[in-house]
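Q: Quick check, what structure comes out for this input:
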Amino acid sequence: MERPIRQATTVTWLGIVACQIGTAFAVRTERASLWTVGVFTNRPLLAGIGFSLAIAFTLIYLPPLRHLFGTASLLPKQLLIVAPFPIIVWGADESRRAVVRHRMASRLLGTEA
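A: As a prediction, the model looks like this:
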């Protein structure tokens, strides 16, 4: 019974890590689209994300650390649950920025409702 609880906890924790990756991409700019700024232009950010993922997977799959941190190894289908999280978080913020850009353009053009 302990393994399913550890797996659920590990998926939840990895989900938080994944959401933070989406947030890291989202906060790069206040109004501009990430596509305008460039997804791969910030090499230190990409290195930080890579390091974070390496640490996360080490805590999940290296037996001594798994025991120490109370994590459990995950199945591929469990990893697929959290895979879209960064895109969802980034996409939500990208949508918010699009609304902000639209409102700013409306104000500039004097067509604000």
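
Q: Now Arg101. Nearest residue, chain neighbours left out?
A: Counting by Cβ to Cβ, 6 or more residues apart in numbering, Arg101 lies nearest to Arg31, which is 5.8 Å off, once chain neighbours are set aside. For glycine as for every other residue, the C-beta is placed from the backbone atoms N, C-alpha and C.

Q: got a pLDDT number for that neighbour?
A: Arg31 carries a pLDDT value of 74.

Q: isn't it right up against Arg97?
A: Yes: Arg31 is in contact with Arg97 according to Cβ atoms under 8 Å; the separation is 5.7 Å.

Q: Among those two, which residue is more densely surrounded?
A: Arg97 (17 against 11; other Cβ atoms under 10 Å).

Q: Okay, and the more buried one sits in which element?
A: Assigned by DSSP states H and E, Arg97 belongs to helix 85-109.

Q: Now do that helix: which elements does it pack against?
A: Helix 85-109 makes packing contacts with helix 2-26 when contacts are defined by 3 or more Cβ pairs under 8 Å, 6 or more residues apart in numbering; DSSP states H and E.

Q: and the gap between the residue nearest to Arg101 and Ser106?
A: 14 Å (Cβ to Cβ, to the nearest Å).
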